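A.B. asks: Okay, predicted coordinates and the sequence, questions at the end:
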Amino acid sequence: MLIYILKRLGLAVLVALCVSVLAFALLRVQGNAASALAGEGASAEDIAIIIRTHGLDRPVVVQYLTWLANVLQGDLGTSYFFKRPVAELIVSKIGNTVILAIMSLAIALTLAVPLGVLAAVYSGSWIDRICSGISLLGQALPSFFLALCLVMLFAIHLRLLPASGAQTWQHFILPAVTLGYYITPPFMRLVRAGMIDALSNDYVRTARAKGIPSHKVVLKHALRNALVPVVGLVTVQLGLLIGGSVVIESIFALDGLGYLAYQSIGYRDFPVLQAVVLLLSLVYVVLTLLSDVVNAWLDPRLRVS
Amino acid sequence: MGALLTVDDLRVDIATPRGTLRAVRGLTFSVNAGETLCIVGESGCGKSMTSLALMDLLPRVAKRSAATLNFADTDLSDRRKARRIRGNQMAMIFQEPMTALNPAFPIGDQLTEAYLHHKGGSRAAARARAVEMLDLVGIGSPAERLGQYPHQLSGGLRQRVMIAMALMTDPKLLIADEPTTALDVTIQAQILRLLRDLQQKLGIAVIFITHDLGLVSRIADRVMVMYAGAMVEEGTAAQIFGAPRHPYTQALIECIPQPGRTARGTPLGTIPGVVPSLVGQIEGCVFRSRCPLARRECESHVPTRGAEGHRWVCVDDAPAPALEGTTR
Amino acid sequence: MTDTTPTASIPTPGASMKSPSRLSLRRIAEQPSLLVGGGIVVLMILIAIFAPLLAPHDPFVQNIAARTVPPVWYDGGSWEHILGTDQLGRDYLSRLIYGARISLFIGFAAVAIAGVIGTTLGLLGGYFGGRVDMVVTFLTTVRLSLPIILVALAIVAIFGGSVTIVVIVLGLLKWDRFAVVVRATAAQISRLDYINSAKAAGASTFYILTREVLPNLAPQLIVIATIEIASAILMEAALSFLGLGVQPPTPSWGLMISEAKNYMFFSFWLIAIPGTALALLVFAINLAGDGLRDLISPDGRG
């Protein structure tokens, strides 16, 4: 188990390094970093000074290593647009994104787990067909279109909820519902497939033969086994959540990381964009690492060996 | 003394796109307290369906019906009452010990589950009972075993755990569906001996389902031979092995290799022909398409004959002549 | 001949005689989701191909005098513009019809690129195993950890938005599912006997991969491709909606919704019409994909 975790950790570090190279390249390919730093109308001398002070004349590898060392110390550079340290900006926005992610994940799981279990227990029946219909519709509806429809209904017509911003908890409801709905269908399909697989196992029949009530057979014996693969797959789908939050935050002007990234693209504020890409990738790397460890812990066959 | 389990006209129908598959066609039998009934037949003859039907464990597509389905004066077709008996007074063990235990829970948890559900009581009492049962089925250092997971046990040990699990609630009837088929021959013999010892020690009735007539001779009090979803012959082990009346039973016995008697190299018996389709009704004798003695009368209604607990379904009342020349 | 047990299985009546092609035709007919979904998709493809013949107006011609004319079923609508006109007075039905071209082209083209990349990587990893496989798995893990929308947004922001850029970016980012599935299946297939006999017969690796392994992957590849096309279409729409995909005046459904955003209070249909078209197309593709998957693995375990 310990060896497995160490191996898995090593892989995660490698992936993170690779992602950091890509994020570093992002800042370099966008053209002349020095003139971007100097701002519009800078003289050739200004640019020359910037090249020297920022070490832009040194070999790329050295620049990367310097940058990496800075990143590891929490120095993500300075925003071109906001004229503030990027790390500070990110710290001030990350809370909103985390709240949004947790709320939408909660919405998605409260929908996906019961519906997926129902669809699996009654697989082939009309309940299953309704559930798969909901999931197909959910996958087809573009999230930004759903967002606009919800704004139209709840913000404009009913005047119940605010349409944009992040000042109160009400501001999070529409974005969280949209994002939660967006990630529900893949979760539901995973739960259903996992449950159908688990329910077809002999040990489910054994449990029923013991006279255990069927709800307990489903919820204890089958669900526990179904969750083992599902936990892993759900984390893979968290990429969807992270990507979706960029779109959703932009629509609702919810002042989080995604909205910050969207703004930074508009302002060509590449240090910020670079930092957000790096951060969101690392979040994913850490989450998959955690899920693999949790999975190993959930599966006794892996735990003991 | 009345029968423990009384089954009259048990039917299992499975709806398929090609029509209703009648897996069990009007089975009537009973099991007395403390006796071992062996249900024998080829794969697909409906013996497993029968056991699942008794336990109400049939897959959702299968429909069960019966004129009588009584267990110790309780009507099993009343699902509410049946649920209190299943896993309590009536327990079951299965063919595949490798998959029949839940990999996610330690065996102690699985052993005590039914006991806690049916008998209540404290967790400690249930665990004490589990230790006692593991000891009874011959598992060493039982207390330590409770924390182990199924994948840490061998196939033979798992089947012992399954048996211990079935005995937890002190059942009156144990249904064993091919419990030794998936095991090595030596383990098979151990499990079989264990089942026989337990049955004698605890006085439980056993329904033992198998395709292996060789096993039957070692444990059965009574034997029921099934073919194509129906009973063809039933009697005491002595009657079935000593004086089989139905051509199918005779052919099956022909097929058992006899150590010492079956000479090395001589071909064992096989039964030519194919089993009839189980979709729809079968008129007349179910076995006639493979019976060497089949004749015109077999196509119409065939009577159930018999006396003194020996029943068989055949147009011939007299003992059939030896079939050695006709089967090969 | 020395069977100890009498063996005779129950023959499944009527199953043995049918030819495979007749069987599969019948099974396609038994898949209503494939028929309905596939039907809608084919219809949309035909509309996209024959857009110049079907569109009643030029989708680019502006008419400031006839801006935001509502569709025919609203007060003030006319048969001249069945779905009304947009904020620049362009015929909405014509733009919708041409928009189908953009969506379908980007969906198919991006998935074609992604399919080639993912299948190649997956085949190499699955077939050769060992170090090659480690590299493929590693690349896939790195790709999966990049937030695809954000990276696409960044690249489009750097290189500018156009249909070509969007196709290339999505093609370069959406190969992961192909790689994962192909790798797993190729690893299974490469251990089978007939591959070994092909090796023994001296067939080249390229021949084995393209003639023996790839054809066996075809059914799964088709299913993944449908799912990915639907997802690529949605992603293009999202990029265009955020102003970082297809650029105006190209009629893209996502862009149409984006352009109509400021008018949504008075003319919600400007958003509802392209939104519904998008949802219908993606729904149909996914429905067809589900049907195909059930066709390939009837037990429904995908």
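C.D. replies: On my side now, so go ahead.
A.B. asks: neighbours around residue B:37, how many?
C.D. replies: Using other C-beta atoms under 10 Å in any protein chain shown, residue B:37 is surrounded by 22 other residues. All C-beta atoms are positioned from the backbone trio N, CA, C, and that covers glycine.
A.B. asks: Let me fix that, I meant to ask about residue C:261.
C.D. replies: Using other C-beta under 10 Å, residue C:261 is surrounded by 14 other residues.
A.B. asks: what's the lengthiest helix in chain C packed up against?
C.D. replies: Scanning chain C for the longest helix, with DSSP state H as the assignment, gives helix C:92-128. Applying 3 or more C-beta pairs under 8 Å, 6 or more residues apart in numbering or on different chains; DSSP states H and E, we find helix C:92-128 packed against helix C:32-49, helix C:51-54, helix C:130-145, helix C:163-173, helix C:176-189, helix C:214-241, helix C:253-260, helix C:269-296.
A.B. asks: low-scoring stretches of the stretch 1-150 of chain C, by residue?
C.D. replies: Regions of the stretch 1-150 of chain C meeting the criterion pLDDT under 70 cover residues C:1-29.
A.B. asks: Tell me the residues of it that contact chain A?
C.D. replies: Residues of the stretch 1-150 of chain C lying close to chain A by C-beta under 8 Å from any C-beta of the partner chain are C:138, C:141-142, C:144-150.
A.B. asks: Which pair of these spans the longest distance?
C.D. replies: Within the residues of the stretch 1-150 of chain C next to chain A, C:138 and C:149 form the most distant pair, 22.7 Å apart (C-beta to C-beta).
A.B. asks: in what helix or strand does residue B:224 lie?
C.D. replies: Take DSSP states H and E as the rule and residue B:224 turns out to sit in strand B:222-227.
A.B. asks: is that strand up against chain C anywhere?
C.D. replies: No - Strand B:222-227 is not in contact with chain C by C-beta under 8 Å from any C-beta; minimum separation 10.2 Å.
A.B. asks: looking just at contacts, which helices and strands does that strand meet?
C.D. replies: Taking 3+ C-beta pairs under 8 Å, 6+ apart as the contact cut, strand B:222-227 packs with strand B:36-40, strand B:230-236, helix B:237-242, helix B:247-254.
A.B. asks: Quick one, which of those gets closest to residue C:53.
C.D. replies: Nearest of the helices and strands packed on strand B:222-227 (C-beta to C-beta): strand B:230-236, 68.5 Å.
A.B. asks: got the buried residues for that closest one?
C.D. replies: Buried residues in strand B:230-236, counted by 16 or more other C-beta atoms under 10 Å in any protein chain shown: B:230-236.
A.B. asks: Please apply the same query to stretch A:109-127.
C.D. replies: Going by neighbour count (16+ other C-beta under 10 Å), the buried part of stretch A:109-127 is A:109, A:111-113, A:115-121, A:123.
A.B. asks: Show me the contact partners of it.
C.D. replies: Residues outside stretch A:109-127 that contact it (C-beta atoms under 8 Å, 6 or more residues apart in numbering or on different chains) are A:128, A:131-132, A:134-135, A:180-181, A:184-185, A:187-196, A:199, A:218-219, A:223, A:226, C:300.
A.B. asks: now stretch A:15-27: how far from the chain's centre is it?
C.D. replies: 18 Å (C-alpha atoms, centre = their mean, to the nearest Å).
A.B. asks: Also stretch B:133-153?
C.D. replies: 26 Å.
A.B. asks: Mean pLDDT per helix and strand in chain B: which one sits at the bottom?
C.D. replies: strand B:304-307 (a mean of 78; mean pLDDT, DSSP states H and E).
A.B. asks: Show me what that strand is packed up against.
C.D. replies: Where contact means 3+ C-beta pairs under 8 Å, 6+ apart, strand B:304-307 is packed against strand B:310-313.
A.B. asks: Each with direction, which strands does the strand it packs on pair with?
C.D. replies: strand B:230-236 (antiparallel), strand B:304-307 (antiparallel) (DSSP bridges).
A.B. asks: Would you mind listing the outside residues contacting that strand?
C.D. replies: Against strand B:310-313 from outside (C-beta under 8 Å, 6+ apart): B:230-236, B:239, B:243, B:245-246, B:249, B:285, B:302-306.
A.B. asks: show me what contacts residue C:250?
C.D. replies: When the contact criterion is C-beta under 8 Å, 6+ apart, the partners of residue C:250 are C:102, C:163.
A.B. asks: Need the phi and psi values for it.
C.D. replies: Backbone torsions for residue C:250, taken as degrees, to the nearest 10, come to phi -60, psi 130.
A.B. asks: Pick out the residue nearest the middle of the chain.
C.D. replies: All of this refers to chain A. Taking C-alpha atoms, centre = their mean, the centroid of chain A lies closest to residue A:242, which sits 2.5 Å from it.
A.B. asks: nope, chain C please
C.D. replies: Nearest to chain C centroid, counting by C-alpha atoms, centre = their mean: residue C:229, 1.4 Å.
A.B. asks: Can you tell me the closest non-neighbouring residue to that residue?
C.D. replies: residue C:107 (4.2 Å; C-beta to C-beta, 6 or more residues apart in numbering or on different chains).
A.B. asks: measure the one you found to residue C:48 for me?
C.D. replies: 10 Å (C-beta to C-beta, to the nearest Å).
A.B. asks: Residue A:113 now?
C.D. replies: For residue A:113, the distance to residue C:48 - C-beta to C-beta - is 39 Å.
A.B. asks: Residue C:187 now?
C.D. replies: Residue C:187 is 38 Å from residue C:48, by C-beta to C-beta.
A.B. asks: now swap in residue B:14 and tell me
C.D. replies: 48 Å.
A.B. asks: For chain B, what's the nearest residue on chain A?
C.D. replies: With C-beta to the nearest C-beta, the shortest gap between chain A and chain B falls at residue A:211, namely 2.8 Å.
A.B. asks: surely that residue meets residue B:86?
C.D. replies: Yes - under the criterion of C-beta atoms under 8 Å, residue A:211 makes contact with residue B:86 at 4.2 Å.
A.B. asks: Report the secondary structure state of residue B:8.
C.D. replies: For residue B:8, the assignment made with DSSP: H, G, I helix; E, B strand; the rest coil gives strand.
A.B. asks: what about the nearest residue in space to it that is not next to it in sequence, neighbour count?
C.D. replies: Distances taken as C-beta to C-beta, 6+ apart put residue B:68 closest to residue B:8, at 3.7 Å, once the chain neighbours are dropped. Neighbourhood size, residue B:68 [other C-beta under 10 Å]: 14.
A.B. asks: what is the mean pLDDT for stretch A:271-285?
C.D. replies: The average pLDDT for stretch A:271-285 rounds to 86.
A.B. asks: what residues are up against residue C:274?
C.D. replies: Residue C:274 makes contacts with C:96, C:99, C:253-254, C:256-257, C:260, as judged by C-beta under 8 Å, 6+ apart.
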